[in-house]
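have a look; sequence and predicted model below, questions after that.
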Amino acid sequence: MATALKRKHTTPEQKVKLAPMSFQKAAVLRRQYNEEKPWWRRAAMGFLFSILFVAAAVLGTFLLRSILPTFRFPSAFLLMAVLFVSLIWGVAPSLLAVLISTLALDYYAIPPTGVIKVYTLDGLLQLIPFVVSGFVIALITAQRESARMRILGAEQELQERAEDLEQANLHLEETNQQLKEANQLKDRFISIASHELKTPITTIRGQAQLVLRRLSKQNGNLSPEMMTMRSTLEKINDQTGRLTSLVDELLEISSLRSGKAELRKKECDLVEICRGVIEDQQMLSNRDIRLTVASDKVMLLVDCDRIAQVIVNLVSNAIKYSPERSPVEVEINSQQGNALIQVRDHGKGIDKDQQKHIFETFYRTPDAQSSAKFGLGLGLAISKDIVERHGGRIWCESQVGKGSTFFVELPLK
Ligand code: ADP
C-alpha cells in the first residue's frame, strides 16, 4: 500500500481525493481509535499523569537548582513533561499539562517566586515563549492524531470495498455457473430437438421425392390436378431440403461444442480440396468462381472433410451475399509455415461493428435478416470452431459497398 500511495504522489494528476469525513463518521472513528488504546493510554489517565509529570518536572527543577551552582533553564523540565504527555496521551491531556506547567513556572521559577503573575504584563511576556511552545507541541499532536484517524478511515473504507468486491465476485461466479448450466441445457435441447426432427423430415422428403419420381415418369400426360400436385410436392421437396440442411447444421454445432466430433486428420492437398469445392459450387450456382494458387500443391495434415466444409461455407456465403453476375475469387498462398486461403466477393460488404459478431452462433447481420437469403447464422461459427481446432485462424476484412474477404490460416504439414 505504501508504494501505491507513493506512486500516487509522484503523479499529481492521478491523485485520489479522499472524501471529506462527516462529523458523525469522525466521531465514530475517534471512539474506535480511543477504544483501541490500552487502558493506561486513555485520556482520563492522561489528565492524571499530566499532573504527576508536571509535579515531577517541578521537583526535578528544584533538585537541579540545589545541585548546580547556576541553573538557567527552569522551563526545560516542564516542557519535557508537556512533550511526554502529548506523545503518550494526546491533545487534551497535553493542553492540561501546558496549563499547569505555565502556572508552576510562573509560581516557582519567575521572580518574585511564590506569587502568580500571569495576569500582569511582565509575567505574561515572560511566559509567552513557554506557552507558545506548549501549544505548538499540542498542535503537532493534534495533526498526528487526525492523520492516524484518516488512515483508520481509509483502512476501513478499503476493507469495506474489499468485502463488496468479494461479494460481487461470489455473485459473478454464481451467475457464471448458472449461465454455463443454461448453455449446456440449450446445447442438449438443440441436440435432442435436431435428432427428433431429422427422422420425420427425411421421411417426408423421401415420400415427396418418391411421388415426384413417379409423376415424372408420366411426364406428358398429367392432368391439371396432377400438375398442381407436382408443383406442391416440389415445394415440399425444396423446403424439406432446407430444413434438412438446417438440422444438419444444428447437429453439427452441438456435436462440435460438446467435443463429440473428433478430427480425423490425414495428409491432404488444400489445392485439391478447393478445386473440388469450387467445381461443386459452380455446378450448383452457375457462378463465376476463380481460383488462384501460388503452387500446385499445398499439403496439410487436417481432417479433409472438415476443411472442405469450411471452404464450402465461405464460398457459398460469397455466392449468397453478392450479386449474381459478380465473380467469387479464391486464392491459396503459403507463407511462414502457414497456408492462407482467401475467399473474396464483390457484394455489399459487412459493417465494421457487425464484423465482430459474424462468427458467433446464430448471428446474422440485419441486412441478411431482412433479405430473402436463407440461413441460421451457424455456418461461420462452425467454420471458426473447425479452423481453431486445427490450430488455425479465421477472420474477415470487409468494406461496405466493396465486398468482403474471408481469410483462413492453417499450419502447413
Ligand atoms: P448464414 O447461414 O446466415 O449465412 P453464416 O454463419 O454463414 O450464417 O454467416 C453469418 C452472417 O454473416 C450471415 O448471416 C451474413 O449476415 C454475414 N455474412 C457471412 N458471409 C458474408 C459475405 N460473404 N458477405 C456479407 N455478409 C456475410
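All right, it came through fine. Numbering: from 1, shown residues only.

pLDDT below threshold where in this structure?
1-21, 219 (pLDDT under 70).

interface residues of it facing the ligand?
By the criterion of CB under 6 Å from any ligand atom, the positions of the chain lying close to the ligand are 313, 317-318, 321, 345, 347, 350, 358, 363-365, 368, 375-381, 404. In this view, the C-beta of every residue, glycine as well, is placed from N, C-alpha and C.

make it 8 Å
Residues of the chain lying near the ligand by CB under 8 Å from any ligand atom: 249, 313-314, 316-318, 320-322, 343, 345, 347-350, 354, 358-359, 363-365, 367-369, 373-383, 396, 398, 403-404, 406.

export stretch 338-352 to PDB, keeping only CA atoms.
Taking C-alpha atoms only, stretch 338-352 is exported to PDB below (Å, rounded to 0.1, in the frame of the first residue of the first chain):
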ATOM      1  CA  ASN A 338       1.100 -21.400 -42.800                       C
ATOM      2  CA  ALA A 339      -1.400 -21.900 -45.700                       C
ATOM      3  CA  LEU A 340      -3.600 -18.900 -46.300                       C
ATOM      4  CA  ILE A 341      -6.900 -19.200 -48.100                       C
ATOM      5  CA  GLN A 342      -8.800 -16.100 -49.200                       C
ATOM      6  CA  VAL A 343     -12.400 -16.100 -50.400                       C
ATOM      7  CA  ARG A 344     -13.300 -12.700 -51.900                       C
ATOM      8  CA  ASP A 345     -16.700 -11.500 -53.100                       C
ATOM      9  CA  HIS A 346     -17.900  -8.200 -54.500                       C
ATOM     10  CA  GLY A 347     -21.100  -8.000 -52.500                       C
ATOM     11  CA  LYS A 348     -22.500  -5.400 -50.100                       C
ATOM     12  CA  GLY A 349     -19.800  -6.000 -47.500                       C
ATOM     13  CA  ILE A 350     -20.200  -6.100 -43.800                       C
ATOM     14  CA  ASP A 351     -20.300  -3.100 -41.400                       C
ATOM     15  CA  LYS A 352     -17.300  -2.900 -39.000                       C
END
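
now find how far off-centre that stretch is within its chain.
Going by CA atoms, centre = their mean, to the nearest Å, the spacing between the C-alpha centre of stretch 338-352 and its chain's C-alpha centre is 31 Å.

now do the buried residues in that stretch.
The neighbour-count criterion (16 or more other CB atoms under 10 Å) identifies 338-350 as the buried residues of stretch 338-352.

which ones among these map onto helices?
Under the assignment DSSP state H, the buried residues of stretch 338-352 contribute nothing to helices.

reformat those residues as JSON lines; add distance to Leu68.
Formatted as JSON lines, the entries for the buried residues of stretch 338-352 read as follows, by distance: CB to CB, whole Å:
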{"residue": "Asn338", "distance to Leu68": "95"}
{"residue": "Ala339", "distance to Leu68": "100"}
{"residue": "Leu340", "distance to Leu68": "98"}
{"residue": "Ile341", "distance to Leu68": "102"}
{"residue": "Gln342", "distance to Leu68": "101"}
{"residue": "Val343", "distance to Leu68": "104"}
{"residue": "Arg344", "distance to Leu68": "104"}
{"residue": "Asp345", "distance to Leu68": "106"}
{"residue": "His346", "distance to Leu68": "108"}
{"residue": "Gly347", "distance to Leu68": "106"}
{"residue": "Lys348", "distance to Leu68": "104"}
{"residue": "Gly349", "distance to Leu68": "100"}
{"residue": "Ile350", "distance to Leu68": "98"}
